[in-house]
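Trainee: Fold the stuff below for me.
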Amino acid sequence: MKRSRIVVYAAALAVAVLPLFAAGKDSLDKYWQPSGKSYPAGKAFKTAVTWAPGQYVVVGTKTKGKIESVSKQLVVRKESGGWVIETVNIDKKGKETATQMLLKGFDTAVSAKDASKITIGWMKMRDEEGQVTEIGEEQMALFGMIAKASYEKLVVNVSAPKDGGPVEVPAGSFAGTWYTKDSVKMLGMTVETESWYNSAVPVNGLVKYQTTDGKSVSELLSFGFDGKSTF
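Mentor: Residues are numbered from 1 along each chain as shown. So this is what the prediction gives:
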């Protein structure tokens, strides 16, 4: 599998406190309303800005033009040589779930461009009824492979990005972006994907991501630097 970027994403889309997750499924479409904000082209994008507590992004995903989910990613705090990342997601049926986990060795992984240097210290999961389950480090071996998929893109290293031109998403109009195209094997099939980045965006820098056939699209709805944990 050939990839032009190495990604390590923490916790299936983490979060800041916003009214979204009390809104319910009937309100999800309003988060696609344009913000009217504008951002400059910025410097060439190779990796996301250095993490700091409070950074967050809100991302919406559509499949064949229909809303699938809205999620938020939040950098909560530093702890034990790693970062606590929070994920809150609400799907098209209005089901809300949240995950918080400690990614140990994250900064080292970013510097080395080696995701294998990350280990999960602990994880908390909150279900749609508000019940929280905590999993300690000694139990994480049972959940490691599942959790890996949820943090797979939180370390971003883009090699040889191309000029992506201006891109407009609900979060705003970006005068310039940096573009990459990747091939990913999933369930025996090769899926071609495209990504657009801008250095103004925290957490992972991602403005837009889609399959090349346009059937699945994830785009930035909003972002900021003052997010608060929901746990």
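
Trainee: And the residue of the chain most remote from its centre, how far from Thr212?
Mentor: What lies farthest from the middle of the chain is Glu138; by CA atoms, centre = their mean that is 26.3 Å. Here Glu138 is placed at a distance of 42 Å from Thr212 (CB to CB, to the nearest Å). To be clear about C-beta, it is placed using only N, CA and C from the backbone, and glycine gets the same treatment.

Trainee: need the longest strand for this structure.
Mentor: Residue-count comparison of every strand in the chain, with assignments taken from DSSP state E, identifies strand 66-79 as the longest.

Trainee: Distance from that one to the middle of the chain?
Mentor: In terms of CA atoms, centre = their mean, to the nearest Å, the centre of strand 66-79 is found 6 Å from the chain centre.

Trainee: In terms of secondary structure, what does that strand contact?
Mentor: Under the contact criterion of 3 or more CB pairs under 8 Å, 6 or more residues apart in numbering; DSSP states H and E, the helices and strands touching strand 66-79 comprise strand 56-63, strand 82-91.

Trainee: out of those strands, deepest packed?
Mentor: The densest packing among the helices and strands packed on strand 66-79, expressed as mean neighbour count by mean count of other CB atoms under 10 Å, is seen in strand 82-91 with a mean of 24.

Trainee: Given that strand, what are its sheet partners and their directions?
Mentor: Here strand 82-91 has these sheet partners by DSSP bridges: strand 66-79 (antiparallel), strand 96-104 (antiparallel).

Trainee: May I have the last one as CSV, with CA atoms only?
Mentor: What follows is the C-alpha trace of strand 96-104 in CSV, where atoms were taken according to Å, rounded to 0.1, in the frame of the first residue of the first chain:
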residue,chain,number,x,y,z
GLU,A,96,-24.2,10.2,20.7
THR,A,97,-21.0,8.5,22.0
ALA,A,98,-17.8,9.8,23.4
THR,A,99,-14.3,8.4,23.9
GLN,A,100,-11.3,9.8,25.8
MET,A,101,-7.9,8.2,25.8
LEU,A,102,-4.3,8.9,26.7
LEU,A,103,-1.9,8.6,23.8
LYS,A,104,1.6,8.0,25.3
